[in-house]
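J.: just to be clear, the model below is a prediction. Sequence and coordinates:
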Amino acid sequence: MKTLSGLAIAHALALVILAASGSNCLAQTGVAEVVRVEGSAAVRNRAGGAQEPVRVGTRLTEGGTIETGDNGRVVVQLGASGFAVLDRKSKLEVPPPKERGGLLRQITGWIYYAIRSDANRKEPVSVRTTVATIGIRGTRFLVVDIPGRSEVGMRKGLVNIESPEGEFELLRMAEKDEFEAFKEQGVAAVEREKKDFERFEAATKSEFAQYTREFTLGADRQAVFDGKQVREQALSAEARGEMESAEAFGADWLRRVKD
């Protein structure tokens, strides 16, 4: 997979929109609130405003940003919609109303979202990026947006990922799973196995690569972005470990989410 440029990463994953009952629960309260903080973190609540240290109870208002340092982690309550857990070196913004329509923008880092299903009875919660809109109906997922890595990992639930412009080149990794069954039929020699796999992969790859405006991503699955190319695969051990860390840090609050 090609190394992602900063622009490609920004294109991969950037915005999170939370909408419910015609207007977002954040719009109803006007804020997101920090419920746990560890290490260094800062909030800036207006454009050009000074950064202030984050404490429990710090509110993130419209037009504000919250950012964690090298050793920082925070849990943010997203109104009545659920919670976000920001890991180290992560940045989240609530744009002003004229830009927002009830959204959050993930600028960078690792952020785990737990969105309750009752937050979107009339209008689904969704995650929007410059290349994808992710429709959510109560779920838990991790968004990673750092140099060289841009992905969405699903813990539970189901999302629909849609391109706002053009088509994705979607690569599904099922051919490798099928090849495991192929190997069990008696291919023993390593060199022969390698050659057979290359032929098998070439013959079947077209069945698993498609151009599409949208696709679904379910529990324990992962979408890895490289511009318009998306690889859909089993959830990696790395992402699973990061989710477990976020869940442990935010356990007292995440258990309140009915998803």
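T.: Cool, the structure landed.
J.: helices of the protein, start to end?
T.: 6-12, 25-29, 97-100, 174-183, 190-208, 237-249, 251-254 (DSSP state H).
J.: quick check: buried residues in stretch 219-232?
T.: Buried residues in stretch 219-232, defined by neighbour count with 16 or more other Cβ atoms under 10 Å: 221-228, 230-232. For the C-beta atoms, the positions are set from N, CA and C on the backbone; glycine is no exception.
J.: let's have these in TSV, adding distance to residue 43.
T.: Shown next, in TSV, are the buried residues of stretch 219-232 (distance: Cβ to Cβ, whole Å):
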residue	distance to residue 43
221	33
222	31
223	30
224	31
225	28
226	32
227	32
228	34
230	33
231	35
232	35
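J.: quick one: list the elements packing against the longest strand along the chain.
T.: Using DSSP state E, we find that the single longest strand of the chain is strand 103-115. With contacts taken as 3 or more Cβ pairs under 8 Å, 6 or more residues apart in numbering; DSSP states H and E, strand 103-115 sits against strand 15-17, strand 82-86, strand 91-94, strand 125-128, strand 139-146, helix 237-249.
J.: lowest average confidence across the ones you listed, which one?
T.: Mean pLDDT across the helices and strands packed on strand 103-115 is lowest at strand 15-17; the value there is a mean of 35.
J.: buried ones in stretch 244-259, by neighbour count?
T.: Applying 16+ other Cβ under 10 Å to stretch 244-259 flags 246-247, 249-250, 253-254, 257, 259 as buried.
J.: typed the wrong thing, it's stretch 49-59
T.: 54, 58-59.
J.: mind showing which ranges of the stretch 1-150 of the chain have poor pLDDT?
T.: Low-confidence segments of the stretch 1-150 of the chain (pLDDT under 70): 1-31, 47-48, 95-103, 118-131, 133.
J.: stretch 153-164: end-to-end distance?
T.: Using Cα to Cα, to the nearest Å, one end of stretch 153-164 lies 20 Å from the other.
J.: swap in stretch 92-110?
T.: End-to-end distance (Cα to Cα), stretch 92-110: 10 Å.
J.: got any ranges where the stretch 151-259 of the chain has weak pLDDT?
T.: 174-208.
J.: redo that, cut-off 80
T.: 164, 173-208, 259 (pLDDT under 80).
J.: look up how far residue 33 lies from residue 239.
T.: 27 Å (Cβ to Cβ, to the nearest Å).
J.: these two - which one has more neighbours?
T.: Of the pair residue 239 and residue 33, residue 239 is the one with more neighbours under other Cβ atoms under 10 Å, namely 23 against 15.
J.: which ones are touching the more buried one?
T.: Residue 239 sits next to 142, 144, 151, 153, 222 when contact means Cβ atoms under 8 Å, 6 or more residues apart in numbering.
J.: the spatially closest residue to residue 51 that is not a sequence neighbour: how many residues sit nearby?
T.: In space, and not counting its chain neighbours, residue 51 is closest to residue 42: 4.2 Å by Cβ to Cβ, 6 or more residues apart in numbering. By other Cβ under 10 Å, the residues close to residue 42 number 17.
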